[in-house]
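# Structure for this input, please:
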Amino acid sequence: MKLLKLTLEDFRVFHGVQELNLEVTEEKPAVLFFGMNGAGKTTLLNAFTWALYGTFSGDVEYQERVINDHTWSQASPGDQIGASVRLLFEHEGLLFNVHRSVSTVKRSDEQSGLPAKLTVTETDHGVSKTVENGQDRIQKILPEELRQFFFFNGERMERMFTGDRTDEVQQAIKTLMGLEEIERAISNHLPKASAKLARQVGKDGDSRLQMLTADQERLVQQKLKVHDELLRLSQNAAGYEREVDAANRALLANGKAAPLQRQRAKLEERRRELLEKRDARQEDKKDLLAKNAFLAFTGSLDEQVLDLAEGMRKRRELPAGIQRDYIDGLLDDGVCMCGRDLAEGSGARRALEERRYNAGLADVETRWMYLAGKAADLPQVRAEVLERLRTCVQDIEELKLSIDKVDAEESDIARELQGVDVVDVQKLEERRKDFDRKRVEALQLHRDAKTQIEELDEQIEKVKRQFHAAKVQDEESRRIQRQVALVEEVLEAFRKVRDVKTEEVRNALDAKIKSVFARICIKPFTPHLTPSFALELVNDTFGGSAARSTGENQILGLSFVGAVSELARETHDRKEGAGDAAIGGGGIYPVVMDAPFGNLDVAYQNDIAESLPKLTSQIITLLSQSQSRGMVLDHLGGAATRMYVLRSFTTNGDADEQTITICDQVFPYVSHGEFDHTVLEEVSL
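Below is the predicted model of the structure:
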């Protein structure tokens with residue numbers, strides 16, 4: 001997928017028609033946009049996703065106001081007005097023209113949500129045709145669940161790799177790598193086939209099978225309901241989190257509340273670090289107990305084993321390696337190795353027969369000696385484990401106290417914010433607390449629902465085993481049993497294929513993330529992609545979880561995006577080189593990102609600026625003036641085919657007009673105007 005042109009018409013902050021050429025060269029894959037905060041960088045990022053999917057990201061305020069405010073206000077009641085975004089892109093040799101628009105007759109001063117119309121045109125060798133189901137065609141090119149990897153806000157991207165979002169990331173990665181067909185077979189097609197076969201038992205079939213089939217269908221329906229509830233809770237939690245973020249930003253913008261809100265932001269960051277450390281120590285404790293808890297119950301066994309081994313040694317009950325077949329030969333000959341006669345019933349023969357009983361176990365003495373040695377070490381091992389356990393418990397308690405202290409300090413700030421003599425601040429703080437409470441409740445219910453699904457899965461598997469093991473009398477029921485068993489075998493085979501492929505993808509991503517991260521981060525940290533596709537950061541110095549700053553989270557997110565882009569491109573190239581349509585997944589996609597540097601310090605900004613052009617074959621970056629200085633602009637500018645300035649026009653006569661210098665050229669950045677809007681102006685290179 002290669003972006004070619006973006007055309008905006010009265011789209012939100014952009015007045016009139018704005019046309020952007022996005023074509024790049026292989027040597028210079030970047031397109032840069034420079035704009036001040038509030039100029040429309042986030043709107044521009046959302047113009048791409050609105051054209052493709054008809055939705056905005058959660059951080060866009062007043063999402064119903066698609067038509068430019070000035071255009072709306074200037075229209076008279078009864079006037080027909082609208083807005084649109086047109087995106088031209090190339091994909092696998094075909095040219096696509098995506099046009100999404102809204103149109104309405106003005107009835108009031110306030111905009112309301114409007115249904116959008118989508119038109120998709122496909123051109124192949126100069127012949128164009130309208131795609132009947134345009135949204136479905138877009139989904140096949142770039143599924144919406146993958147947009148988070150290729151169209152994103154750099155300051156918030158790390159959130160997609162934590163908490164309950166990891167399931168979404170894992171599923172999106174499987175879609176990108178072409179595993180969704182296997183997933184559909186596992187989750188839909190094969191279970192339906194199995195259920196359909198089981199229902200054929202019918203009224204005349206075995207009653208036991210009929211009952212088990214009914215039980216399984218009941219459990220499956222329960223699981224579907226819980227799964228729907230899980231999705232609803234996930235969406236609710238994400239919505240509540242967006243509301244909390246919006247309230248936090250509004251509080252930061254308020255002069256009286258800003259200092260307190262900054263303190264709270266630091267406390268929230270501190271709490272996240274403490275929680276990560278506490279969770280890591282709790283995992284250490286669980287691992288320690290899982291591997292060594294038996295030592296607590298073996299205190300009296302050490303001496304017993306040692307005494308028993310020593311007594312057997314003294315009584316010569318431990319064999320010295322004499323083989324049983326050798327003694328058999330002596331008994332057959334009737335003569336001992338010392339020359340004594342071994343007559344039947346003699347004491348010598350009885351002694352040798354007793355010896356034969358223990359002979360042949362050549363490794364018994366060695367094993368007893370090994371066991372005795374290990375038993376002798378147990379007191380010291382037990383003491384060491386106990387000390388490590390004490391340290392873990394002490395660390396966990398100290399971390400809990402620190403978390404409680406942070407909670408108390410945050411509560412104090414909340415009370416101070418409520419005491420600020422500004423009505424808006426008080427309302428904002430109440431709103432923030434309300435949505436944060438709802439967010440926490442939704443996440444808890446989400447975890448409960450996941451546990452319920454796991455329990456239902458166990459019950460379903462139990463019923464399946466009972467169905468297969470049931471003893472039936474009629475041949476027809478046995479035939480159905482065999483068919484269901486065959487489908488279940490195929491299902492299990494698909495699961496194994498899915499698991500192997502998923503692990504291959506995870507390992508490849510993990511290696512690439514490590515490679516990208518090492519080029520940027522200067523600290524002794526190593527990222528790790530867990531089996532659930534959550535990103536962890538390990539401190540190489542002591543081996544535990546690293547306390548991640550906002551900057552390191554951002555670097556971690558960029559490393560992930562770079563790894564995903566590179567892996568998708570490699571899969572695409574392998575498929576093209578093999579000429580095999582059976583190789584699924586992959587693709588070449590652009591990366592469009594707003595605020596790639598966030599609050600990173602200069603050193604990290606320079607390293608990321610050098611790495612960004614290497615992420616993919618086309619990268620569109622939206623920057624503020626503060627993020628485009630010195631080496632940053634040198635690295636990005638050298639890789640840019642095109643640059644644009646988002647020129648802001650303001651009606652505030654007291655605001656200073658500003659300029660921005662790019663490539664030794666001065667361009668208007670903030671200008672006075674008759675109404676507030678933004679225009680896009682290209683920089684001549």
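# Report the separation between residue 210 and residue 533.
41 Å (C-beta to C-beta, to the nearest Å). C-beta: built from backbone N, CA, C; applies to glycine.
# swap that for residue 225, sorry
Taking C-beta to C-beta, one finds residue 225 at 26 Å from residue 533.
# If you count surrounding residues, which of the two has more?
Using other C-beta atoms under 10 Å as the criterion, residue 225 and residue 533 rank with residue 533 on top: 23 against 13.
# So which residues of the stretch 151-300 of the chain form strands?
All strands of the stretch 151-300 of the chain, identified by DSSP state E, counting those that start in this stretch, fall at 151-153.
# Which of the three states applies to residue 62?
Put simply, residue 62 is coil when judged by DSSP: H, G, I helix; E, B strand; the rest coil.
# mind listing what it touches?
If you count contacts by C-beta atoms under 8 Å, 6 or more residues apart in numbering, residue 62 has none.
# So for it, what pLDDT did the model give?
With respect to pLDDT, residue 62 scores 80.
# what about it, distance to residue 556?
32 Å.
# what about the residue nearest to residue 216 when sequence neighbours are not counted, helix or strand, and which?
Of all residues not flanking residue 216 in the chain, residue 463 sits nearest, at 4.7 Å (C-beta to C-beta, 6 or more residues apart in numbering). In this structure, residue 463 sits in helix 423-469 according to DSSP states H and E.
# ok, back up a step: show me the contacts for the residue nearest to residue 216.
With C-beta under 8 Å, 6+ apart, residue 463 has these contacts: 212, 215-216, 219.
# Over to residue 464?
By C-beta under 8 Å, 6+ apart, the neighbours of residue 464 are 216, 488.
# Give me the distance between it and residue 345.
Plainly put, residue 464 is 65 Å away from residue 345 if you go by C-beta to C-beta.
# ditto for residue 453
74 Å.
# Which one's more surrounded, the two?
In terms of neighbours (other C-beta under 10 Å), residue 453 is the more surrounded of residue 453 and residue 345; the figures are 17 against 6.
# Let me know the pLDDT of the nearest residue to that one once chain neighbours are set aside.
Leaving aside its sequence neighbours, residue 453 sits nearest to residue 226 (C-beta to C-beta, 6+ apart; 5.4 Å). Looking at residue 226, its pLDDT stands at 86.
# if I read this right, residue 226 contacts residue 456, doesn't it?
Yes: counting by C-beta atoms under 8 Å, residue 456 is a contact partner of residue 226 at 6.8 Å.
# could I have stretch 515-534 exported to PDB, CA atoms only?
C-alpha atoms of stretch 515-534 as PDB (Å, rounded to 0.1, in the frame of the first residue of the first chain):
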ATOM      1  CA  SER A 515      17.300  -5.000  17.200                       C
ATOM      2  CA  VAL A 516      15.500  -1.800  16.800                       C
ATOM      3  CA  PHE A 517      15.400  -1.000  20.500                       C
ATOM      4  CA  ALA A 518      19.100  -1.500  20.900                       C
ATOM      5  CA  ARG A 519      19.800   1.000  18.200                       C
ATOM      6  CA  ILE A 520      17.900   3.700  20.000                       C
ATOM      7  CA  CYS A 521      17.900   3.100  23.800                       C
ATOM      8  CA  ILE A 522      21.200   3.900  25.600                       C
ATOM      9  CA  LYS A 523      20.300   2.200  28.900                       C
ATOM     10  CA  PRO A 524      21.100  -1.500  29.600                       C
ATOM     11  CA  PHE A 525      17.500  -2.600  28.900                       C
ATOM     12  CA  THR A 526      16.300  -5.400  26.700                       C
ATOM     13  CA  PRO A 527      12.700  -5.700  25.500                       C
ATOM     14  CA  HIS A 528      10.900  -9.000  25.600                       C
ATOM     15  CA  LEU A 529       7.600  -9.900  23.800                       C
ATOM     16  CA  THR A 530       5.700 -12.300  26.000                       C
ATOM     17  CA  PRO A 531       3.600 -15.300  24.700                       C
ATOM     18  CA  SER A 532       0.500 -13.000  25.200                       C
ATOM     19  CA  PHE A 533       2.200 -10.300  23.000                       C
ATOM     20  CA  ALA A 534       2.700  -7.900  25.900                       C
END
